[in-house]
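Enquirer: Below are the sequence and a predicted model; questions follow.
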Amino acid sequence: MNGGPALEAIDVVAGYAPDLPILHGVSAHVEAGEVVSVIGPNGAGKSTLVKAIAGLVEVTSGAVRLHGRDITGRRAHRLAAEGVGFVPQSENVFATLTIHENLIMGGAPMPKSVAMERIREIYGMYPVLQERMHEKAGVLSGGQRQILAVARALLTKPRLMLLDEPTAGLSPTAAGELFDVVRGLSERGAAVLMVEQNAKAALRNSDRGYVLAEGRNRLDGLASVLLSDEEIGEIFLGQRRDAVGPGGVE
Amino acid sequence: MILQHIADGILSGAIVSLGAIGLSFTMKLLRFANFSHSELLTWGAYSALVFLAFFLSFGGFLDGTIGPFSFGPALLLAMLCSCAATSVIAILLHRFVFDRLSRAAGQMTMVFASFGVALILRHLVQLIWGSDPIYYSNELQFAVLLPGNVRVMPDQVFLLVLTMFVVAALHLFMTRSRTGIAMRGVSENPDLARVSGINVDRIITCVWIIGASGAALGGVLYGTTVQLRPELGFGLILPLFAAAILGGAGSLYGAVLGGLIVGLSENLSVMIIPTTYKPAVPFLLIVAILYFRPQGIFGERSR
Amino acid sequence: MIGVVSYLVFFLILSLTFGVAVLGLNLQWGFTGLFNAGVAGFIAIGAYTMAILTGPSRDAVFGGFELPFVVGLAGAMIASGIGALFVGLATLKLRHEYLAVATFGIAVTIQLVCLNWEYLTGGTLGLIGIPNPTKAWAEGPLIQNSLYLAIVAIVVGLTIAALELIVKSPWGRMLKAIREDEVAAASLGKSPERVRLEAFVLGCMIMGLSGALYVSFIGYVSPWDFLPILTFQIWTMLIVGGSANNRGALLGALIVWGVWTMSGFVLSRVVPSEIQARGGAMQAVLIGLILVVTLLIRPRGLIGEELQVSRHARS
């Protein structure tokens, strides 16, 4: 099982149309217990990277490995069963289902009794969800939705957690709480890869970081080192001039 | 007189409801208007004919009627088998036509294809069983006189009770079972369902089974209360679409209520317009609902 | 030999007449992306208008104005256009799949009117004795039919020429822009809704023209000629030939009508007479199979759109 890092992406080429890759060969790895951020300007391919790892976007070349096992091209629901949790950027809860039903969705890969046991544990961790378990997820506030989205992904006790801009649209307090949740995940041994628009906040809450630009690796290193790197400032300032890059889909 | 129209409307509406459930689900889940869905009612009705002959050949208790109804245990068994057979047809169509097209082309290509599939299915029925009307049974039935001078056949009462039973069972399934909850989740957000670990292909298969079984039941009940004709389903295309669109794509209760509204409007319309124009009523309902509330009565506004 | 030639002329007249309707549908679907599932209805409007305008007067039925052929053609186009204007105003705002359902419903409704409004349409009997102008010009069916073929060919030629001109005009470029991306098209200035309506009306006028050509040739009009299967046939012609290409549309009309008539011929010979009625069902199954198989193995048709550069490829 432990043939390598929790997640290893090697020269991943991926995109929504076969002949129009958005990622032109991106590599990254995350160790168990580590929080790693992916930052970069709009259109850099950050979201595409996590979607490709989660099995939602087709990887046309390169490889993705989970604990040393090749999982390239495996379909999303199989990956979920293998311990990959994914919290998408928007529409990350089932608004028309109740909170309880959202959690049941998250437990799909597990036997029903195990799933129900896990849901009880989740309620213990996030009492706010238990209080409102029969309400539709659509009525939750932004922060609560985010908690529910993470909780849903947590149900299978993923060994790798992928988060796509988890703090987008949250108040600073709610964002802080979410980063605490993320930190808690890694402390329990999960590998966390999160995409963030807010580079500073993300790096402050990560161990390491990758900077992507135009679908390629630009920089990587310890979060503390990247935080003080001047080039990062340039990349993010430069973003405003060539914001409409190739494949504006993000 | 008006009470009789209302009673007839509810009864024909129940058949439309059964057919519209599947249409509504597939419209929401696969995002295309399936013009061949109503042909599943025809196939349900005619395949029950085959199973009926099979079960009747055993004679004994199978061959006989139950209480005041025109049919016996043989038809009930045939109805179940027909649900299975119709589901197989629907799944094959999905595998070999609709699924392949949805991957390779777009929704509109699927709509064209459903035109072609409808044509094939309908005329195959005509080829195999001919165009003359057929009945499951020649038993005579006596109408029951209800208060208000309303006449209903015992078979029609059975139709209504069975429809209510099916809807209640589906309600429980969609709210209590993990598969049912997954169906609702997939219809809201397929990608999120995938990353939650749900095998969306399996759920789509379930939706076809439910939709096709509903259609088969609708077809058999139509055959019991009216007659079997190859154009049985064809004549229901607009009523089914009207019910599904009225109720809002993807909504169980919407489809059921939509079916009742369609049945009632059709039957009450004859008090205002000539009977010959009755088939246009569902179309007027469609135009009206699309104009005033395109997401349907129960539908959520699409993203 | 004469038999073969006269049959060929007959065949070409009908397939080109349907070809005109396919051209109209091509303008709507191929160039603008409008899903009209009510083709038969608009052909019917044109056919009945032709019958009413040019047909002989008769008791108890409206019309029979005995107007000239060309007036009938123009009238048929105008009537279908007016019908399409109302339909378009009511339905063009809808999403594709709903537009398909709504237009399908319109065709059913139009057919009901044809069947039941006896004063206007002659009801189930239809209208008979519609004059064919070539009968006055020459003797003998072969010459008359050849002349009619010439008329149809001229109409097809003019329609194609007009459509090519239109598609290359700024308005035509707007159509494609709408098909590709409505939001972007709106930024080009003209209201996409207005342009969609114009394309819908124009396409339906061409379908009306086709209906008018049909009745003048056949000599009568019956509500049973405009069943939804006609819509299926026209669509299959377009899909088989290849949409967004006028030559493809005509080719599709020839092929599909050819398969239809040939299969009818073969079935009438092969199938025992007692189940002859089922031969028609076999033909319909065949057309359905052609449509589905074409979509599966050659979705662009035999001759697809000439320039296949989507906006995704350009960006």
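Expert: Everything's here; your move.

Enquirer: Now do the helices in chain B.
Expert: Counting by DSSP state H, chain B has helices at residues B:2-29, B:37-56, B:73-93, B:99-104, B:107-129, B:154-176, B:178-188, B:190-195, B:200-225, B:237-247, B:252-269, B:281-292.

Enquirer: closest to C:G33 out of these?
Expert: C:G33 sits nearest to helix B:107-129 of all those, at 8.1 Å, using C-beta to C-beta. In this view, the C-beta of every residue, glycine as well, is placed from N, C-alpha and C.

Enquirer: between that closest one and helix B:2-29, how many degrees?
Expert: On the basis of axes from the mean of the first three to the mean of the last three C-alpha atoms, to 10 degrees, helix B:107-129 is oriented at 120 degrees to helix B:2-29.

Enquirer: Buried residues, stretch A:19-27. List them.
Expert: A:21-24, A:26 (16 or more other C-beta atoms under 10 Å in any protein chain shown).

Enquirer: now, which of these sits nearest chain B?
Expert: Chain B lies nearest to A:I22 out of those, by C-beta to the nearest C-beta, at 16.5 Å.

Enquirer: so the closest one touches A:V12, yeah?
Expert: No: A:I22 is beyond contact range of A:V12, at 10.4 Å (criterion: C-beta atoms under 8 Å).

Enquirer: for the chain, what spans make up the helices?
Expert: With no chain named, the answer covers chain A. A:46-54, A:76-81, A:99-106, A:112-125, A:127-131, A:142-154, A:172-187, A:199-204, A:223-227, A:230-238.

Enquirer: The intended chain is chain C.
Expert: Using DSSP H, helices in chain C cover C:2-25, C:39-54, C:69-91, C:96-116, C:118-121, C:134-137, C:141-168, C:170-180, C:182-187, C:192-218, C:228-241, C:246-270, C:277-297, C:311-314.

Enquirer: one step back: mind putting the helices of chain A in TSV, mean neighbour count, distance to C:E180 and mean pLDDT included?
Expert: Shown next, in TSV, are the helices of chain A (neighbours: other C-beta atoms under 10 Å in any protein chain shown; distance: least, C-beta to C-beta, whole Å; pLDDT from 0 to 100):
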stretch	mean neighbour count	distance to C:E180	mean pLDDT
helix A:46-54	26	23	91
helix A:76-81	22	30	91
helix A:99-106	26	36	94
helix A:112-125	14	45	92
helix A:127-131	15	44	91
helix A:142-154	23	34	90
helix A:172-187	16	39	88
helix A:199-204	19	36	85
helix A:223-227	17	41	81
helix A:230-238	13	31	64
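
Enquirer: so what's the residue in chain A positioned nearest to chain B up against?
Expert: For chain A, the residue closest to chain B is A:A80, as judged by C-beta to the nearest C-beta, at 3.3 Å. Going by C-beta atoms under 8 Å, 6 or more residues apart in numbering or on different chains, A:A80 touches A:86, A:108-109, A:156, A:158, B:194-197.

Enquirer: Which two among the residues you listed are spaced furthest apart?
Expert: It's A:P158 and B:R194 that sit farthest apart of the contacts of A:A80, by C-beta to C-beta, at 14.6 Å.

Enquirer: wait, does stretch B:251-258 contact chain C?
Expert: No: Stretch B:251-258 is not in contact with chain C by C-beta under 8 Å from any C-beta of the partner chain; minimum separation 13.3 Å.

Enquirer: per-residue confidence averaged over that stretch?
Expert: Stretch B:251-258 comes out with an average pLDDT of 89.

Enquirer: what do you get for stretch B:264-273?
Expert: Per-residue pLDDT over stretch B:264-273 has a mean of 87.

Enquirer: Could you export that stretch as PDB, CA atoms only?
Expert: C-alpha atoms of stretch B:264-273 as PDB (Å, rounded to 0.1, in the frame of the first residue of the first chain):
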ATOM      1  CA  LEU B 264     -58.900  16.400 -16.400                       C
ATOM      2  CA  SER B 265     -58.300  19.100 -18.900                       C
ATOM      3  CA  GLU B 266     -58.700  16.700 -21.800                       C
ATOM      4  CA  ASN B 267     -62.000  15.300 -20.400                       C
ATOM      5  CA  LEU B 268     -63.400  18.600 -19.300                       C
ATOM      6  CA  SER B 269     -62.400  20.300 -22.600                       C
ATOM      7  CA  VAL B 270     -65.200  18.500 -24.400                       C
ATOM      8  CA  MET B 271     -67.700  20.700 -22.600                       C
ATOM      9  CA  ILE B 272     -66.200  23.700 -24.500                       C
ATOM     10  CA  ILE B 273     -64.700  22.500 -27.700                       C
END
